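[1] below are the sequence and a predicted model; questions follow.
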Amino acid sequence: MSSGYIYLLGMENGKVKVGSSRRDPHSRIRIHHQTLGKVSAITSEWVSPLHSGYRKNERAVVLRMGQGCEIASADYEDILAYARSLEFPAPESDPAPDPEPLDSDRNLGEEVRRLERKRNAQILRWAKAGQTQQAIADRMGMSRQSVNKIIQKSKRREKVTT
């Protein structure tokens with residue numbers, strides 16, 4: 001059994017991301033801040049100690065979240081308490097390479113893009129309904145400039161297709 005870490009990320013939109021890494025988990029978390037942070041701010045993070053059987057613990061946390069995937073709507077504090085209650089056996093000293101990422105790791109970028117499209121569509125619906133950019137920004141927890149960029153990009157696309 002190989003050694004690694006599991007980590008939890010709590011997001012502003014009420015979702016929790018569970019992940020794992022054989023190497024420095026903080027570098028993975030930095031990547032998630034860049035990708036997931038575009039969709040919803042990451043407000044909490046926790047990293048387990050290095051331990052043997054980390055994949056088993058990751059699967060246990062995913063099952064606890066109840067939706068069968070690594071990003072799910074869940075109570076961060078409940079998931080954190082559960083994760084902390086797991087056993088963290090002493091790490092093995094094997095320097096084996098990082099295993100292949102889970103399918104959900106490969107699909108993380110796809111999930112982020114899907115969530116961005118969904119967010120952008122909602123912004124455009126509100127803009128077409130007459131809400132101000134500042135009102136939309138406040139509602140979405142974004143800057144007015146970000147909302148403006150999304151609206152302008154949509155207008156440019158409409159011009160190209162007409």
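    Noted; the coordinates are in hand.
[2] sheet partners, orientation included, of the longest strand along the chain?
    Ranked by number of residues, the top strand in the chain under DSSP state E is strand 3-11. Using DSSP bridges, the strands paired with strand 3-11 are strand 15-21 (antiparallel), strand 42-47 (antiparallel), strand 51-52 (antiparallel).
[3] and it, what's its mean pLDDT?
    Taken as a whole, strand 3-11 has a mean pLDDT of 93.
[4] could you export it as PDB, CA atoms only?
    This file holds the C-alpha atoms of strand 3-11, laid out as PDB (Å, rounded to 0.1, in the frame of the first residue of the first chain):
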ATOM      1  CA  SER A   3       1.600   6.500   1.200                       C
ATOM      2  CA  GLY A   4       0.100   9.900   0.500                       C
ATOM      3  CA  TYR A   5      -2.200  12.700   1.700                       C
ATOM      4  CA  ILE A   6      -5.900  13.400   1.400                       C
ATOM      5  CA  TYR A   7      -7.200  17.000   1.500                       C
ATOM      6  CA  LEU A   8     -10.500  18.800   1.700                       C
ATOM      7  CA  LEU A   9     -11.400  22.100   0.200                       C
ATOM      8  CA  GLY A  10     -14.500  24.000   1.300                       C
ATOM      9  CA  MET A  11     -15.900  26.400  -1.300                       C
END
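[5] contacts for it next, please.
    With Cβ atoms under 8 Å, 6 or more residues apart in numbering as the test, strand 3-11 has contacts from 16-23, 25, 28-29, 32, 36, 39-52, 54-55, 57-58, 61, 76, 79-80, 83, 91-94. No exception for glycine: its C-beta is placed from N, CA and C like everyone else's.
[6] please repeat the previous calculation with a cut-off of 7 Å.
    16-22, 25, 29, 32, 36, 40-48, 50-52, 54, 57-58, 61, 76, 79-80, 83, 91-92 (Cβ atoms under 7 Å, 6 or more residues apart in numbering).
[7] SS state for residue 67?
    Here residue 67 takes the coil state, with states given by DSSP: H, G, I helix; E, B strand; the rest coil.
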